[in-house]
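In: Predicted model and sequence below, questions to follow.
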Amino acid sequence: MNPLLSAEQAVLGSVLLDPGQLAHLDWLAPDHFYRPIHQALFAALRKLRTESHPAVATGERVPLSWVTDAVAEASNHVRGLTAVYPHILISACPRPEHAPVYGRMVLEGAFHRRVTAHAIRLHQAAHADALQGEVEGALHQADVLARVLEDLALRWGSEPRPVAPATPPPTAPVAPPPVRADQVAEDEQFLLAVLVEQPKAMDEVVGWLRPGDFADPAHGQLYRC
């Protein structure tokens, strides 16, 4: 089963088992749930709490009316809800006192869906702008997404902050490709041939080129001469 779906069921099961858990879920809204049935049930439970349902007022053993009244209220706004489903929700709740933890998971899922929806709009706007040679639509959607991220960060309880790009690990210096011995010998022979053919060229190299710089000792001796 989808973990987010299990979290939604666990939240509702917690509240059905312990109406007092609603006091710890004031930050959770019905539209944070993905399934319409779950949205309707959570809204119904919050409404019953606002109307001071006896199950909330007593704080003792939860009466059956807490479940039946919630189903009746939710059925006014959604179809397909039966009296059996609340018992499935109750069985999906490991511990009612962990309702805030389950609710946090539901809230995270809602944030993911909202960011994904705005990201898709940004992608579509960028694609349309690219076809028309414009950028206004993409920039507008980027601003909208930025405001959405700021709002969600505040709702989550943290301030939005940029994330530094990951620095790549240091790479070892790339060694130059090996030079073949025959190529070095040809280069030295070519240099010596130029110096023999044009003696004045010696003035340009004699200040820094030494006989020991040659790879072939015979070429070094010739250069010395």
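Out: Done, it's in. Computed from a prediction, not measured in an experiment: that's the story for all the values here.
In: Excluding chain neighbours, what is closest to Ser91?
Out: Gly13 (7.2 Å; C-beta to C-beta, 6 or more residues apart in numbering). All C-beta atoms are positioned from the backbone trio N, CA, C, and that covers glycine.
In: neighbours around that neighbour, how many?
Out: Per other C-beta atoms under 10 Å, the neighbour tally for Gly13 reads 24.
In: do the same with Gln21
Out: Gln21 is flanked by 22 other residues according to other C-beta under 10 Å.
In: my guess is it meets Cys93, correct?
Out: No: using C-beta atoms under 8 Å, Gln21 makes no contact with Cys93, being 9.8 Å away.
In: got any residues that touch both of these two?
Out: Residues touching both Gln21 and Cys93 (C-beta atoms under 8 Å, 6 or more residues apart in numbering): Ser14.
In: now what about the helix or strand containing Ala55, what contacts it?
Out: According to DSSP states H and E, Ala55 maps onto helix 54-58. Contacts to helix 54-58, defined as C-beta under 8 Å, 6+ apart, come from residues Pro19, Gly20, Leu22, Leu48, Arg49, Val62, Pro63, Ser65, Trp66.
In: hey, which helix or strand in the protein has the poorest pLDDT?
Out: helix 181-197 (a mean of 70; mean pLDDT, DSSP states H and E).
In: In which helix or strand does the residue nearest the centre of the chain reside?
Out: Residue closest to the average C-alpha location in the chain (C-alpha atoms, centre = their mean): His112, at 9.0 Å. His112 belongs to helix 99-132 when assigned by DSSP H and E.
In: what's near enough to touch Asp129?
Out: Contacts of Asp129 (C-beta under 8 Å, 6+ apart): Val135, Glu136, Gly137, Ala138.
In: Can you tell me how far it is from His118?
Out: Here the distance between Asp129 and His118 works out to 16 Å (C-beta to C-beta, to the nearest Å).
In: cool, and Ala201?
Out: Counting by C-beta to C-beta - Ala201 and His118 are separated by 70 Å.
In: which one of those two has more residues nearby?
Out: More crowded of Ala201 and His118, by other C-beta under 10 Å: His118, with 18 against 13.
In: right, and that one touches Leu145 too?
Out: Yes: if you go by C-beta under 8 Å, His118 and Leu145 touch, sitting 4.6 Å apart.
In: next one: the helix holding Ala55 to chain centre, how far?
Out: 42 Å (C-alpha atoms, centre = their mean, to the nearest Å).
In: Give me the helices and strands touching whatever helix or strand comes next after it, please.
Out: Heading C-terminal from helix 54-58, the first helix or strand you meet, by DSSP H and E, is helix 64-75. Other elements packing on helix 64-75 under the criterion 3 or more C-beta pairs under 8 Å, 6 or more residues apart in numbering; DSSP states H and E are helix 3-17, helix 36-50, helix 54-58, helix 85-91.
In: In helix 64-75, which residues are buried?
Out: Trp66, Val67, Asp69, Ala70, Val71, Glu73, Ala74, Ser75 (16 or more other C-beta atoms under 10 Å).
In: Could you list the residues in contact with it?
Out: 16, 19, 37, 40-41, 43-45, 47-48, 53-55, 81-83, 85-86.
In: Just the buried ones among the residues you listed, please.
Out: 16, 19, 37, 40-41, 43-45, 48, 53, 55, 81, 85-86.
In: Sort those residues by pLDDT and name the bottom one.
Out: Taken together, the buried ones among the contacts of helix 64-75 show their lowest pLDDT at Ala55, with 85.
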